[in-house]
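>>> Give me coordinates for this.
(one chain, ligands or ions: 1)
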Amino acid sequence: LRLFAGSANLPLAQEISRYLGIELGPMVRKNFADGEVYVQVQESIRGCDVYLIQPTCRPVNDHLTELLIMIDACRRASARQITAVMPYYGYARADRKTAGRESITAKLVANLIVQSGADRVIAMDLHSAQIQGYFDIPCDHVYGSPVLFDYLNEKKLPDLVVVSPDVGGVARARAFAKKLNDAPLAIIDKRRQSHNVAEVMNVIGDVSGKTAVLVDDMIDTAGTIYEAAKLLRKEGARQVYACATHAIFSPPAIERLSSGVFEEVIVTNSTPVRQENYFAQLRVLSVADLLGETI
Ligand code: R5P
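Just a heads-up that it's a prediction; the model follows:
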């Protein structure tokens, strides 16, 4: 078994490598003057089971291109089996057509990964579960949420209510609430006016005097979770926690998350966020053991 890391999240790859007791293999990655990507595996991998760790997080297109080229390099080096380990799957939100003449980019990306020569994919907290079926190869869909609810359970927060920031996330929030001693559920009815601009309408459920835990798969610009948190405060929530597996943190996420509306923002290291680089209320939990175990 050989492990290689792309450039997207080296600290996570190093943690996985420590967990497995397998060193990261030597691989050269560089860019030509025009931005083209060059990858070379620097040891023989003929007949080996190769795991390539590369979340396709920001900048998504660069990290995706690098992953495709890594897979192709391994295929051409006669690896026996190639697994793309994608703790975050970029383009997951484009999983269906919401208007005419759009691309279903989540499917296109799956096609590209398969066509590059991957034999298997390990993905974590896909935006929607059906993306697993977009791959015509085995795709193990693992959940990062256990590290989040284990952390919250240890805090023993009183009067919990789990809140889905939109109707689409209800199943996720319900599953999360179950793991928090069957906490009650509230839902925010969100109307989105355009991409990355969220507008919150109202709360379905009782949050007054409670500790509200907002659960989402990802925080990108933080518009969704920030608007939701402000509304929960207005509706009388005593404290608001935000929980998400993927910390994308596109601007102005940091301003919103550190504005004082959140007691804590709890995310995982599926993307390369470092707790010390951001704001005091941020907690970054590791999914390295979980991914190591899956590998
Ligand atoms: C939406 O369907 C997703 O689950 C997230 O709620 C959304 O993508 C988060 O984006 P942002 O942080 O930019 O509002």
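>>> Quick check: residues of the stretch 101-250 of the chain near the ligand?
Applying CB under 6 Å from any ligand atom, we find that the stretch 101-250 of the chain lies next to the ligand at 165-166, 168-169, 196, 198, 216-224. C-betas here are computed from N, CA, C, even on glycine.
>>> Counting neighbours, which of those residues end up buried?
165-166, 169, 198, 216-224 (16 or more other CB atoms under 10 Å).
>>> I'd like to know which of those residues has the lowest per-residue confidence.
Within those, residue 198 has the lowest pLDDT, namely 58.
>>> contacting residues around the spatially most central residue of the chain?
Nearest to the geometric centre of the chain sits residue 246, at 3.2 Å (CA atoms, centre = their mean). By CB atoms under 8 Å, 6 or more residues apart in numbering, the contact set of residue 246 is 57, 88, 125, 217, 218, 219, 267, 268, 270, 271.
>>> and it, helix, strand or coil?
Residue 246 carries the three-state label strand when classified by DSSP: H, G, I helix; E, B strand; the rest coil.
>>> With adjacent residues omitted, what lies nearest to it?
Closest residue in space to residue 246, ignoring its immediate chain neighbours: residue 218 at 3.8 Å, by CB to CB, 6 or more residues apart in numbering.
>>> related to what we said a few turns ago, what is the nearest of the residues of the stretch 101-250 of the chain next to the ligand to residue 61?
Comparing these against residue 61 with CB to CB places residue 220 closest, at 15.5 Å.
>>> Quick one: the helices in the stretch 51-200 of the chain, in order.
In the stretch 51-200 of the chain, the helices defined using DSSP state H, counting those that start in this stretch lie at 60-76, 105-116, 145-155, 170-179.
>>> Would you tell me which one of the ones you listed is buried the most?
helix 60-76 (a mean of 20; mean count of other CB atoms under 10 Å).
>>> List of residues touching that helix?
Taking CB under 8 Å, 6+ apart as the rule, helix 60-76 contacts 4, 6-8, 27, 29, 37-41, 45, 50, 52, 54-57, 82, 84, 86, 90-91, 109, 112-113, 116-118.
>>> let's see it at 6 Å
For helix 60-76, contacts defined as CB atoms under 6 Å, 6 or more residues apart in numbering pick out 6, 8, 37, 39, 41, 50, 52, 54, 56, 82, 90, 112, 116-118.
>>> any idea which of those residues is closest to the ligand?
Among these, residue 90 lies closest to the ligand (CB to the nearest ligand atom), at 11.8 Å.
>>> show me what contacts that closest one?
Residues near residue 90 by CB under 6 Å, 6+ apart: 56, 60.
>>> do that again at 7 Å, thanks
56, 57, 60, 64 (CB atoms under 7 Å, 6 or more residues apart in numbering).
>>> show me where the stretch 151-295 of the chain has strands.
Assigned by DSSP state E, counting those that start in this stretch, the stretch 151-295 of the chain shows strands spanning 160-164, 185-194, 197-204, 211-219, 239-247, 264-268, 282-285.
>>> looking at those, which has the lowest confidence?
strand 197-204 (a mean of 76).
>>> Next, count neighbours for residue 292.
Neighbours of residue 292 under the rule other CB atoms under 10 Å: 18.
>>> Residue 16 is in contact with that one, correct?
Yes: using CB atoms under 7 Å, residue 292 is in contact with residue 16, at 4.8 Å.
>>> Buried residues of stretch 262-271, list them for me.
For stretch 262-271, by 16+ other CB under 10 Å, it's 262, 263, 264, 265, 266, 267, 268, 269, 270, 271.
>>> gap between the residue nearest to residue 174 when sequence neighbours are not counted and residue 118?
Closest residue to residue 174 apart from its sequence neighbours, by CB to CB, 6+ apart: residue 185 at 5.8 Å. In this view, residue 185 and residue 118 are 37 Å apart by CB to CB, to the nearest Å.
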